[in-house]
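> Any chance you could fold what I've pasted below:
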Amino acid sequence: MTPATLLGLLWLASPALPVGGFSYSEGLEAAVEAGLVHDEASAGRWLLQQLELAHARAEAPAAAQAARAWRAGDAERAAAINAWVLATRETSELRRQAEQMGRSLVEWLKNGAHAADPRIAALAALAPAPTWPVAFALAGVLAGADDEALLHAFGFGWCENLVQAAMKAVPLGQAAAQRILSQLAAALPAAAAQALARADEGEPQAFSPMLAILSSRHEAQYSRLFRS
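All right, here's what the predicted structure looks like:
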């Protein structure tokens, strides 16, 4: 990996990337409200299970498949993956998150070093909106990343955002949050490998019923810190 690619992936994984990932809890805030997450141990378990059972089975394989489509210049394939992501968002807030973050990354790409690349226009034209995994895939490809490195950056960005959400919602201190992030980072290579295997087989899966239930409850939760 070249220094430019490494720096590009660090940039994409950073919570400072202006796509609004910090404003979503992906069901975690509702899990806190329901008493399912209430301390460091339960927050760590929740996020590890979400990484392994949701992220590594759905969003990450979709991102890997989209990256391959973008490298091949296959906008039709990228559109099909985008449609799959939208169809598998089980609540309004999860769909809005995927769309909003995707649109925001498109705007970031339009102002970046690769603004003239025609694939950015193809991404922006995806209807009704480009989704986050498909947009991140193109950003990673433009940075020069292979599938494995792209998924590590994609996953670590997700881990950081959700740990930050846990700090606010549980709440947790910084030391506890760093311990959870360490657990997630240790599990991430296996999650990325699982995602790559699913991408190779052409079988991403989206089945996390408890997460969907909690996300739907979060949409009507009386007091919320995070976007719905």
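> So what's the residue count around residue 107?
Residues near residue 107, counting by other CB atoms under 10 Å, number 12. The way it works is simple: take the backbone N, C-alpha and C, and place the C-beta from them, glycine included.
> Find the nearest non-adjacent residue to residue 56, please.
residue 191 (3.9 Å; CB to CB, 6 or more residues apart in numbering).
> State the pLDDT value of that neighbour.
You'll see residue 191 listed with a pLDDT of 98.
> Kindly report the same for residue 224.
So, for residue 224, pLDDT stands at 85.
> Hmm, it is touching residue 32, no?
No - at 10.7 Å, residue 224 does not count as touching residue 32 under the criterion of CB atoms under 8 Å.
> And the two? Which one has more around it.
Neighbours were counted for residue 224 and for residue 32 using other CB under 10 Å; residue 32 has more, 24 against 15.
> Leaving out chain neighbours, which residue sits closest to that one?
In this structure, residue 32 finds its nearest non-sequential neighbour in residue 169, 4.8 Å apart by CB to CB, 6+ apart.
> Now do the contacts for the one you found.
The neighbours of residue 169, taking CB atoms under 8 Å, 6 or more residues apart in numbering as the test, are 25, 28, 29, 32, 37, 225, 226.
> ok, it to residue 162 distance?
The gap separating residue 169 from residue 162 is 10 Å, by CB to CB, to the nearest Å.
> just residue 119 next, same as before
Counting by CB to CB - residue 119 and residue 162 are separated by 29 Å.
> Check residue 116 too.
34 Å.
> quick one, helices of the protein?
Applying DSSP state H to the chain gives helices spanning 3-13, 28-33, 40-50, 59-71, 75-87, 92-110, 118-124, 132-143, 147-169, 174-201, 209-219.
> what separates the first one from the chain centre, distance-wise?
Centre-to-centre, helix 3-13 and its host chain are 16 Å apart (CA atoms, centre = their mean, to the nearest Å).
> what does that helix rub up against?
The contact list for helix 3-13, computed with CB under 8 Å, 6+ apart, reads 17, 136, 139-140, 142-145, 149-150, 152-154, 156-157, 160.
> which one of these is nearest residue 59?
Distance to residue 59 across these (CB to CB) is lowest for residue 154, with 7.7 Å.
> Give me the common contacts of residue 169 and residue 162.
In terms of CB under 8 Å, 6+ apart, residue 169 and residue 162 are both contacted by the residues 25, 28.
> Any chance of a markdown table for the helices of the chain, columns distance to residue 21?
Listed next are the helices of the chain as a markdown table, based on distance: least, CB to CB, whole Å:
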| stretch | distance to residue 21 |
| --- | --- |
| helix 3-13 | 10 |
| helix 28-33 | 13 |
| helix 40-50 | 14 |
| helix 59-71 | 12 |
| helix 75-87 | 16 |
| helix 92-110 | 6 |
| helix 118-124 | 18 |
| helix 132-143 | 8 |
| helix 147-169 | 4 |
| helix 174-201 | 15 |
| helix 209-219 | 16 |
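> between residue 116 and residue 162, which one's more packed in?
Relative neighbour count places residue 162 above the other of residue 116 and residue 162, with 26 against 8, counting by other CB under 10 Å.
> and residue 162, how far is that from residue 181?
From residue 162 to residue 181 the distance is 9 Å (CB to CB).
> my bad, should have said residue 143
Taking CB to CB, one finds residue 143 at 23 Å from residue 181.
> what about the two, which has more around it?
residue 143 (24 against 19).
> residue contacts, the more buried one?
Neighbouring residues of residue 143 by CB under 8 Å, 6+ apart: 4, 5, 8, 9, 11, 12.
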